[in-house]
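Novice: sequence plus predicted model, see below.
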Amino acid sequence: MVDRLTIERRSWLMSRVRGKNTSAEIRVRSAVHARGLRFRLHRKELPGCPDIVFPKWRTAIFVHGCFWHRHLGCKKATTPKSNQAFWQDKFERNVARDSANLAALRSNGWHAEIIWECETKSPLALAARLDQIFDNAQVQGDAV
């Protein structure tokens, strides 16, 4: 299948994709803040520069886009039809980098979690996911 957009239009569209302060990230931050929890954003000194960091509990949350980070089984994790070799290589590098960042955080004693973009669409699903994360953080020693 041929891309419906011109090369210039596709390039412009992809240049608008943000890495920080995405709508999914803002939904997670709002839900966490509503629980009365305080956090830090985008800590560059930590591997992978996590989106949301709770230093007190050594917990880091990455809010991943399903398309860019290849959420398995998600309908948003499609591969573009044009230039598939490029996209496949890019996605493999993203997944490998994500895995290395999670491993580095965990080896440094941090509790690292991923919240997927599709999990942020439903407030109930997001609340359940946050419950799961903070229950795991409690298991690691400190009450959240």
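Specialist: Sure, I can see it.
Novice: the longest helix in the protein is where?
Specialist: Counting by DSSP state H, the longest helix found in the chain is helix 84-107.
Novice: now do it: which elements does it pack against?
Specialist: strand 59-64, helix 66-69, strand 111-116 (3 or more CB pairs under 8 Å, 6 or more residues apart in numbering; DSSP states H and E). All C-beta spots, glycine's among them, are computed from the backbone N, C-alpha and C.
Novice: from these, which stretch is densest packed?
Specialist: strand 59-64 (a mean of 24; mean count of other CB atoms under 10 Å).
Novice: what's the angle from it to strand 111-116?
Specialist: Strand 59-64 runs at 20 degrees relative to strand 111-116, counting by axes from the mean of the first three to the mean of the last three CA atoms, to 10 degrees.
Novice: send me the longest helix of the chain as CSV with only the CA atoms.
Specialist: Coordinates of each C-alpha in helix 84-107 appear next as CSV, following Å, rounded to 0.1, in the frame of the first residue of the first chain:
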residue,chain,number,x,y,z
GLN,A,84,9.5,-0.7,6.0
ALA,A,85,13.2,-1.5,6.4
PHE,A,86,13.8,1.9,8.0
TRP,A,87,10.8,1.6,10.3
GLN,A,88,11.6,-2.0,11.4
ASP,A,89,15.2,-0.9,12.2
LYS,A,90,14.0,2.2,14.1
PHE,A,91,11.4,0.2,16.1
GLU,A,92,14.0,-2.5,17.0
ARG,A,93,16.4,0.2,18.2
ASN,A,94,13.7,1.8,20.3
VAL,A,95,12.7,-1.5,22.0
ALA,A,96,16.4,-2.4,22.6
ARG,A,97,17.0,1.1,24.1
ASP,A,98,13.9,0.8,26.3
SER,A,99,14.9,-2.6,27.6
ALA,A,100,18.5,-1.4,28.4
ASN,A,101,17.1,1.7,30.2
LEU,A,102,14.8,-0.4,32.3
ALA,A,103,17.6,-2.9,33.2
ALA,A,104,19.9,0.0,34.1
LEU,A,105,17.4,1.6,36.4
ARG,A,106,16.5,-1.7,38.1
SER,A,107,20.2,-2.6,38.6
